[in-house]
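here is my input, please return the structure:
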Amino acid sequence: MKSEDQIKALEVLNGVTGVEKIKENFYYDETNNYRKVHFHEGRLNITDNGDFFLGGISLIKSEIDIEKIRKLTRIDKTASEIKFKNVASGDALSILNSKRLRIIFEELLECGAYVHFSRVDVLFWSIIDIIESVDYNFVPKDELIYHLHVKSRLYEILTADVKYCLKFFQKYNYPDISSENISNFYDELLSMVRWRTDYQYVDYLLLIFLTAGKKSKEATFIQNEDRLVLINDFTGFYRERTMSMPNSMHIFDNEHLARDSLSNFPSTYNGSPICNYKFMDSKLSPEIQISDVTIGLYARLINFCKRKSINEIKDIRKCLNGNQLSLLKIARDLVDRSDDYSRVLFNSIVPVQDQGKWAALVY
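You can find the predicted model right below:
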């Protein structure tokens, strides 16, 4: 695994350049780290608690004054560290009224910090391999550019009835489908799409991709994998960060699975193993503690929006009070400043239809 390959992919697929010039310290915490997603007694071992987030803050020629934050927020002196639960509670809209949360985000804005995160819809990530496994020789070249929309539409159709979707996966031992069942697997998907189509152009494209899958002799990413294990671990997202910004230092909260994987199977940059990361106890790192607070807010707001339509979110925004709107503006300004610095700071593997929902709440 070469960092150079990752950097090239960022340039070709996302138009992101200059990541080698980024030489900052990035601090991370995570939320909804399910560690492993698999079937157990006929159902998934997780409930739908929202997308996985890995991210936090980056400081540019500045430091976090943790004692100042403790004083301003009046956090209990007996608390060994600052956690999101110390500064806000309740649902997504309730936490926007938190004075403590607003104080911390004001400090981040004032000291010039950046925010960053990777976001992953677990079920979407599990489903997209169905399209990735298609033999693209059977797909017209002009249609390949729509692959993200095709993946999103397939996700939308399958998750319209999650119970049926999971039963379907079990039937074929997904993602360990036998060669003799590949054609049947894609054929059944074709039937589902035809039954649920509303004659969008993307439905026509999805049928083309699935028909190509039916013709394929093998399906690379949904065969010879651990049977009924959708996700083995989330280490790939820790690795992706270290490879995307190889000249930066990445400081993660302790996570032994990710630490062991990165150590045992090192990536390389300029022919040498990447050593641009470390794992720390959050009690020893004020920056990781603030990352917990930061990623806690963004994850809760984005997951809140994910389950609603754009119009519902706009109506909710009209009813927010001044305190709520103030914190939303600060959170938005931090994202805008960070995105202006480099789009590599944000990485999302989510359906196209979910990507812009949070914007309806904050703008």
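
the helix or strand bottoming out on mean pLDDT in the chain pairs with which strands?
Lowest on mean pLDDT, DSSP states H and E among the helices and strands of the chain sits strand 43-44, with a mean of 84. Partners of strand 43-44 in the sheet, by DSSP bridges, are strand 37-40 (antiparallel).

can you list the buried residues in the strand it pairs with?
Val37, Phe39 (16 or more other CB atoms under 10 Å). Backbone N, C-alpha and C define where each C-beta goes, glycine included.

export it to PDB, keeping only CA atoms.
Provided in PDB are the C-alpha atoms of strand 37-40 (Å, rounded to 0.1, in the frame of the first residue of the first chain):
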ATOM      1  CA  VAL A  37     -20.300  -5.600  11.400                       C
ATOM      2  CA  HIS A  38     -21.600  -9.100  10.900                       C
ATOM      3  CA  PHE A  39     -24.700 -11.300  11.000                       C
ATOM      4  CA  HIS A  40     -25.500 -13.000  14.300                       C
END
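
how far does it sit from its chain's centre?
Its chain's average C-alpha position is 20 Å from that of strand 37-40, according to CA atoms, centre = their mean, to the nearest Å.

whichever helix or strand comes after the least confident helix or strand of the chain pairs with which strands, parallel or anti?
Using DSSP states H and E, the helix or strand that directly follows strand 43-44 along the chain is strand 52-59. The pairing partners recorded for strand 52-59 under DSSP bridges are strand 25-31 (antiparallel), strand 114-120 (antiparallel).

so what touches the following helix or strand past strand 52-59?
Next helix or strand after strand 52-59 toward the C-terminus (DSSP H and E): helix 66-73. Outside helix 66-73, the residues within contact range by CB atoms under 8 Å, 6 or more residues apart in numbering are Ile75, Lys77, Ile82, Val87, Lys99, Arg100, Ile103, Ile104, Glu107, Pro286, Gln289, Ile290.

now do the buried residues in helix 66-73.
Neighbour-count burial for helix 66-73 [16+ other CB under 10 Å]: Ile66, Ile69, Arg70, Thr73.

distance of the second one relative to His116?
When distances are taken as CB to CB, to the nearest Å, Ile69 and His116 turn out to be 20 Å apart.

could you do the third one as well?
The spacing between Arg70 and His116, counted by CB to CB, is 24 Å.

packing partners of the helix or strand harbouring Leu10?
Assigned by DSSP H and E, Leu10 belongs to helix 3-14. Using 3 or more CB pairs under 8 Å, 6 or more residues apart in numbering; DSSP states H and E, the elements in contact with helix 3-14 are helix 235-244, strand 268-269.

deepest-packed of these, please.
With neighbours taken as mean count of other CB atoms under 10 Å, those reach their highest mean count in helix 235-244, at a mean of 21.

mind checking the pLDDT average for that helix?
Helix 235-244 shows a mean pLDDT of 96.

which elements pack onto it?
By 3+ CB pairs under 8 Å, 6+ apart, helix 235-244 packs against helix 3-14, strand 25-31, strand 52-59, strand 114-120, strand 249-253, helix 256-264, strand 346-349.

tell me the angle of it relative to strand 249-253?
160 degrees (axes from the mean of the first three to the mean of the last three CA atoms, to 10 degrees).

ok now helix 235-244, how far from the chain's centre?
12 Å.

stretch 214-233 now?
Worked out by CA atoms, centre = their mean, stretch 214-233 lies 21 Å from the chain centre.

and stretch 62-79, by the same measure?
Using CA atoms, centre = their mean, the offset of stretch 62-79 from its chain centre is 29 Å.

mind checking the pLDDT average for it?
Averaged across stretch 62-79, pLDDT comes to 84.

next one: stretch 217-228
93.

so which residues make contact with that stretch?
38-39, 129-130, 132-135, 169-170, 173-179, 182, 185, 213, 232.

and that stretch, end to end?
Start and end residues of stretch 217-228 are separated by 21 Å (CA to CA, to the nearest Å).

residues of that stretch that come out buried?
By neighbour count on 16+ other CB under 10 Å, the buried set for stretch 217-228 is Ala219, Ile222, Gln223, Glu225, Leu228.

phi, psi of the first one?
Translated: Ala219. Ala219 adopts backbone torsions of phi -130, psi 90, taken as degrees, to the nearest 10.
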